[in-house]
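Asks: Next comes the sequence, and after it the predicted model I'd like to discuss.
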Amino acid sequence: MTLPPGDRIAEALAERIEGPTPGIVVEPDAELLARAVASALVARLAAAQAVHGTASVVLTGGGIGTAVLRHAAELAEEPAPGQAVDWTAVDVWWGDERFVPADDDERNEKGAREALLDRVGAPPERVHPIPASDAGFDTPEEAADWYAGALADAARDAGTDGPLPRFDVLLLGMGPEGHVASIFPDSPAVSDERTVVPVRDCPKPPPTRVSLGFAAITAAEEVWLLVSGEGKAEAVARALGGADRAEVPAAGARGRRATRWLLDAAAASRLPGAG
Ligand SMILES: O=C1O[C@H](COP(=O)(O)O)[C@@H](O)[C@H](O)[C@H]1O
């Protein structure tokens, strides 16, 4: 495990951190982290479009996740070389969502639309929100089944084997107790093998949610965990120290090709070697 304090995320990407060992990059503070991740994200999506014609990203809610999207929208106004994303050719999915009405401020979708999607003109046919509670589904179970079907349909339309389309980058925030998406420690979701799982009695409000399961998270090409703040430092250290994913779900978030922990200095402060 390496810990390069102050290293730039773009440089780490250029080095192509790949394989089973998570790559760790530390930026000095949350604002610089959000800017660096946004810059790396648009570069990665532009590169995916150069190869495949389209790109796909799985979004997260949360403070840093939404700040990244705001900065990505700014970068779209005057793209740097290698960072020109055609937002009409990006499929947008979500890692988790709160099962509340569509206009509720708790919706991750609402935050993402305001921060990025409405600003870059993402077309409705490429934006795939997890259903809201007023979208015609009575329960999170029904909404989860529907979203699993939407993912499987997209995979089939793209000619991809299996129940999931290609995810170029899957973004995850992490809670102070180590939850990712809406997979909370010691909850049924940690051992649920479905691609999309309903979540009830969630310890963090709102209590009713829908989340990608580990089967979908670990199918992504790249998983990027975005974490800031001292309050999350212990969970970061436990996840990277080999904790069981049932106890620290972030420990089970791995990409097929790469797993990147993108941290600010406070979140990295309990890792071995942190100053
Ligand atoms: O409940 C959730 O929390 C996490 C982390 O949020 P943060 O504000 O502490 O960064 C988020 O990633 C997830 O999508 C969300 O539903």
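Replies: That came through fine. Numbers count the residues shown, from 1 in each chain.

Asks: pLDDT-wise, which helix or strand of the protein ranks last?
Replies: Using mean pLDDT, DSSP states H and E, the weakest-scoring helix or strand in the chain turns out to be helix 9-14, at a mean of 57.

Asks: Can you mark which positions in the next helix or strand after that helix are buried?
Replies: For helix 9-14, the following helix or strand on the C-terminal side (DSSP states H and E) is strand 23-27. Neighbour-count burial for strand 23-27 flags 23-27 (criterion: 16 or more other Cβ atoms under 10 Å). To be clear about C-beta, it is placed using only N, CA and C from the backbone, and glycine gets the same treatment.

Asks: Walk me through which strands strand 23-27 pairs with, and which way each runs.
Replies: strand 258-264 (parallel) (DSSP bridges).

Asks: Say whether the ligand is contacted by the strand it pairs with.
Replies: No. Shown here: strand 258-264 not in contact with the ligand (Cβ under 6 Å from any ligand atom), separated by at least 11.5 Å.

Asks: which residue ranges form the helices in the chain?
Replies: For the chain, helices defined by DSSP state H occupy the ranges 9-14, 30-52, 63-77, 108-112, 118-120, 140-157, 214-217, 233-240.

Asks: Which among these is found nearest to F99?
Replies: F99 lies closest, by Cβ to Cβ, to one member of the helices of the chain: helix 140-157, at 4.5 Å.

Asks: Run through the neighbouring helices and strands of the closest one.
Replies: strand 196-199, strand 209-212 (3 or more Cβ pairs under 8 Å, 6 or more residues apart in numbering; DSSP states H and E).

Asks: List the neighbours of it that are in contact with it.
Replies: Applying Cβ atoms under 8 Å, 6 or more residues apart in numbering, the set of residues contacting helix 140-157 from outside is 91, 93, 99, 128, 130-131, 133, 135, 137, 161-165, 194-200, 208-210, 216.

Asks: Can you name the residue of the stretch 1-150 of the chain nearest to the ligand?
Replies: G62 (2.6 Å; Cβ to the nearest ligand atom).

Asks: Pull up the gap between the closest residue to the ligand within the stretch 101-250 of the chain and G62, please.
Replies: Relative to the ligand, the nearest point of the stretch 101-250 of the chain is G173 (2.4 Å; Cβ to the nearest ligand atom). Relative to G62, G173 is positioned 3 Å away (Cβ to Cβ, to the nearest Å).

Asks: Kindly report the residues of the chain close to the ligand.
Replies: 60-65, 96, 108, 173, 175, 181-182, 204.

Asks: Neighbour-wise, give me the winner out of those.
Replies: A181 (31 neighbours; other Cβ atoms under 10 Å).

Asks: circling back to that earlier point, please render the helices and strands packed on helix 140-157 as CSV that adds mean neighbour count and mean pLDDT to the earlier fields.
Replies: Listed next are these as CSV, based on neighbours: other Cβ atoms under 10 Å; pLDDT from 0 to 100:
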stretch, mean neighbour count, mean pLDDT
strand 196-199, 25, 98
strand 209-212, 30, 98
